[in-house]
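Novice: no sequence on hand, only this structure:
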């Protein structure tokens, strides 16, 4: 992931509420109506003509991600947006169902979740690592970026990126660090 480089063109698979259907969860397995449908969301939809902050992490429900990173970005969301930022996104190599349940579990109201279930975006960003040493398979290395109109303006990458890294560094990608940068430009 290099400054000045465009983000890859990728289509994410979201499962979203269908307008007008009841909020209750109904399973298709019993033949009932399902109030959700699949929606394709592209990187162009997310990044074109916008300045956004994105942060990525090894996985939903993991300790550092759930204790510090997601709650921190949620807490600083308004301050980050005040720095000429249109939106804040978290991306993880997890499917849309896991990402939605994690968002609910975290009580997130502001930051948006991007499901990179196959890891295609993460791989094309050069941030996919193998984490078999902890039973995760392929996941994202922890990073954050400020992206302007689809181009990386600033990247924050935790040190030591390698397959099966025995540690999970956190600091460079903290919301406080990203906000400090935004305030400095």
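Specialist: Arrived safely. These figures come from a predicted structure and were not determined experimentally. Residues are numbered from 1 along each chain as shown.

Novice: for residue 177, which non-adjacent residue is closest in space?
Specialist: residue 156 (6.3 Å; CB to CB, 6 or more residues apart in numbering). For every residue, glycine as well, the C-beta is placed using N, CA and C.

Novice: what's the answer for residue 71, then?
Specialist: residue 106 (6.8 Å).

Novice: what's the answer for residue 60, then?
Specialist: Nearest to residue 60 is residue 102, by CB to CB, 6+ apart, at 3.8 Å.

Novice: neighbours of the one you found, how many?
Specialist: When counting by other CB atoms under 10 Å, one arrives at 22 neighbours for residue 102.

Novice: what are the buried residues along the strand or helix carrying it?
Specialist: In the assignment (DSSP states H and E), residue 102 maps to helix 96-106. Using 16 or more other CB atoms under 10 Å as the test for burial, helix 96-106 gives 96, 98-100, 102-103, 106.

Novice: just checking, what packs against it?
Specialist: strand 11-17, helix 70-75, strand 112-115 (3 or more CB pairs under 8 Å, 6 or more residues apart in numbering; DSSP states H and E).

Novice: now with 6 Å, please.
Specialist: Contact analysis of helix 96-106 by 3 or more CB pairs under 6 Å, 6 or more residues apart in numbering; DSSP states H and E lists strand 112-115 as its packing neighbours.

Novice: hang on, the residue nearest to residue 60 packs against residue 57?
Specialist: No - counting by CB atoms under 6 Å, residue 57 is not a contact partner of residue 102; they are 10.6 Å apart.

Novice: count the neighbours of residue 49 for me.
Specialist: When neighbours are counted by other CB under 10 Å, residue 49 comes out with 9.

Novice: now do residue 41
Specialist: 17.
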